[in-house]
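S.K.: Take this sequence and fold it.
(one chain, ligands or ions: 1)
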Amino acid sequence: MPLIGRLTVATNAARIASLHTELRMRTKWKRLLVTVLVVAGVVLFGPSQKIEHYSCHNCRSLKDVSVVSFFGIPGRPKETLQLSNQITERHVHDWWEYSVYKQSGLFGSLSKRVACKPTQFKDGQGRVER
Ligand SMILES: [Zn+2]
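M.R.: Take a look at the predicted model:
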């Protein structure tokens, strides 16, 4: 084979090899991009939170129940109590939900909703500590 012909063959082979590498790189990048998008989607759209606010008009105590869900599967509810000093020994709380806060997506990136009743306590009076 003449020298020029051999060189052409060699260049072609190198070109094909580099094309292959480029293609492989492209699929690698594509896979990486898809992975990043899936992870971002899961992080962004997976979590949601619901906070329920309750009050007991008999003793003026407040209770918050917060539930974090992941793709609609709720986790363990977390209760925060603000107990009043008027609770008698046999007192049974009459919890009344006065407000609900819901958010979906990370930090409420998809939606946020608040539903409030006009008063914090069932009897319409404020939180009076006596
Ligand atoms: Zn109570």
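S.K.: Tell me the first helix or strand C-terminal of the strand or helix carrying Ala17.
M.R.: Element membership for Ala17, per DSSP states H and E: helix 3-45. Using DSSP H and E, the helix or strand that follows helix 3-45 in sequence is strand 47-56.
S.K.: can you tell me the average pLDDT over that next one?
M.R.: The average pLDDT within strand 47-56 is 96.
S.K.: That strand near the ion at all?
M.R.: Yes: part of strand 47-56 sits near the ion under the criterion CB under 5 Å from the ion, namely Cys56. The way it works is simple: take the backbone N, C-alpha and C, and place the C-beta from them, glycine included.
S.K.: Who are the packing partners of that strand?
M.R.: With contacts taken as 3 or more CB pairs under 8 Å, 6 or more residues apart in numbering; DSSP states H and E, strand 47-56 sits against strand 61-70, strand 95-104.
S.K.: Of these, give the one that comes closest to the ion.
M.R.: Checking the helices and strands packed on strand 47-56 against the ion by CB to the ion gives strand 61-70 as the closest, at 4.9 Å.
S.K.: What strands flank that closest one, and is each parallel or antiparallel?
M.R.: Looking at strand 61-70 with DSSP bridges, its partner strands are strand 47-56 (antiparallel), strand 73-74 (antiparallel), strand 78-82 (antiparallel).
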